[in-house]
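In: 3D, please:
(one chain, ligands or ions: 1)
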Amino acid sequence: MIGALPPMIDLYTAATPNGKKVSIALEEMEIPYTVHRISLSKGQQKEPWFLEINPNGRIPAIVDRANGDFPVFESGAILIYLAEKSGRLLASEPKARSRALQWLMFQMGGIGPMMGQANVFYRYAPEKIPYAIERYQREVRRLFEVMDRHLASHEFLADEYSIADVATWPWVSTYEWSGSSVDGLEHLQRWLRVIGERPAVIRGAAVPARDASDARSKDALIKEVRDNLLV
Ligand SMILES: N[C@@H](CCC(=O)N[C@@H](CS)C(=O)NCC(=O)O)C(=O)O
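Out: Numbering: from 1, shown residues only. The predicted model follows:
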């Protein structure tokens, strides 16, 4: 019984969509874990001790204390690792598994990077470059429409609720931050709502717990990202 075990996963995370993927997965899979909040604005993700865990110097990352202190970085790889460890949220039948991995890669190579760039140019860049803003917002909308068409005939991205949904929901649910729209995409809106109501998603999306720095204004947050991350 995984739920009865003492914490086995150390999760290094911050309150971002990529971080929330992993805390949501851990909640869904009922794997006991300890949260280590990484301050991105203080650059903790680039400190030598953290680079030993993730050479790319980004969150999220995990260390599996129940498997020889095994470190895993890249959120997609972490989700696959945890799914295989728990036997949950990833089908074992080859075609069903492939379908889930296809949508996971669609998130990792499409939704995440494109929404990330839309955030940068729409929200954070000190100089507003219409070409860049429109390019990334248009691509995000195109990807949303791909999802909407698929979700018209599928309840979830793969055959069943899977790590593909867990990876994609924390990004798509922040569509307003990148100035993107889900207007008219009724199937995507239904999927957003259904997943957002899952108790494990609500719990996982609240990790790491809010602290005093989360109370800063929207303008202060934008300045902090500009000053510390976009250098
Ligand atoms: N492809 C990576 C992306 C990770 C990533 O971009 N993390 C961001 C937060 S969402 C980060 O750590 N940024 C801080 C930095 O780049 O120094 C993954 O999916 O794990």
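In: contacts, neighbours, all on C-alpha from now
Out: OK.
In: Where does residue 126 sit: helix, strand or coil?
Out: Here residue 126 is recorded as coil under DSSP: H, G, I helix; E, B strand; the rest coil.
In: OK, contacts around it?
Out: Residue 126 is in contact with residue 226, counting by C-alpha atoms under 8 Å, 6 or more residues apart in numbering.
In: pLDDT score for it?
Out: We have a pLDDT of 93 for residue 126.
In: for the one 4 residues further on, same thing?
Out: Per-residue confidence at residue 130 stands at 98 (pLDDT).
In: and it, how far is that from the ligand?
Out: Counting by C-alpha to the nearest ligand atom, to the nearest Å, the gap from residue 130 to the ligand is 23 Å.
In: Could you give the number of residues near that residue?
Out: 10 (other C-alpha atoms under 10 Å).
In: My guess is residue 164 contacts residue 98. True?
Out: No. Between residue 164 and residue 98 there is no contact under C-alpha atoms under 8 Å: 10.9 Å.
In: Who has more neighbours out of those two?
Out: Counted by other C-alpha under 10 Å, residue 164 and residue 98 do not tie: residue 164 has more neighbours, with 28 against 15.
In: mind listing what the more buried one touches?
Out: 100-101, 103-104, 107, 157-158.
In: what residue ranges in the chain are flagged as low confidence?
Out: Applying pLDDT under 70 to the chain flags residues 1-5, 229-231.
In: Chain neighbours aside, what residue packs nearest to residue 129?
Out: Distance criterion C-alpha to C-alpha, 6 or more residues apart in numbering; nearest residue to residue 129, sequence neighbours excluded, is residue 121 at 7.0 Å.
In: pretty sure that neighbour is in a helix, no?
Out: Yes. Applying three-state DSSP, one finds residue 121 inside a helix.
In: Tell me if I'm right that it and residue 131 touch.
Out: No. Under the criterion of C-alpha under 8 Å, residue 121 is not in contact with residue 131, lying 9.5 Å apart.
In: State the number of residues packed around residue 157.
Out: 24.
In: List the buried residues of stretch 94-105.
Out: For stretch 94-105, a neighbour-count test (16 or more other C-alpha atoms under 10 Å) marks 97, 99-101, 103-105 as buried.
In: same check, this time on stretch 69-78
Out: 71-76, 78.
In: what do you get for stretch 36-55?
Out: For stretch 36-55, burial by neighbour count (16+ other C-alpha under 10 Å) applies to 37-38, 40, 44-46, 50, 53-54.
In: about what we covered before: give me the subset of the buried residues of stretch 94-105 lying in helices.
Out: 97, 99-101, 103-105 (DSSP state H).
In: who has more neighbours, residue 121 and residue 131?
Out: For residue 121 versus residue 131, the count of surrounding residues by other C-alpha under 10 Å is larger for residue 121: 22 against 9.
In: hang on, the earlier thing: same for the ligand: which of the buried residues of stretch 36-55 are within range?
Out: residue 40 (C-alpha under 6 Å from any ligand atom).
In: Now distance to residue 174 and secondary structure too, for the buried residues of stretch 36-55, in JSON lines please.
Out: Output for these, formatted as JSON lines (distance: C-alpha to C-alpha, whole Å; DSSP: H, G, I helix; E, B strand; the rest coil):
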{"residue": "37", "distance to residue 174": "21", "secondary structure": "strand"}
{"residue": "38", "distance to residue 174": "21", "secondary structure": "coil"}
{"residue": "40", "distance to residue 174": "19", "secondary structure": "coil"}
{"residue": "44", "distance to residue 174": "24", "secondary structure": "helix"}
{"residue": "45", "distance to residue 174": "23", "secondary structure": "helix"}
{"residue": "46", "distance to residue 174": "26", "secondary structure": "helix"}
{"residue": "50", "distance to residue 174": "27", "secondary structure": "helix"}
{"residue": "53", "distance to residue 174": "28", "secondary structure": "coil"}
{"residue": "54", "distance to residue 174": "25", "secondary structure": "coil"}
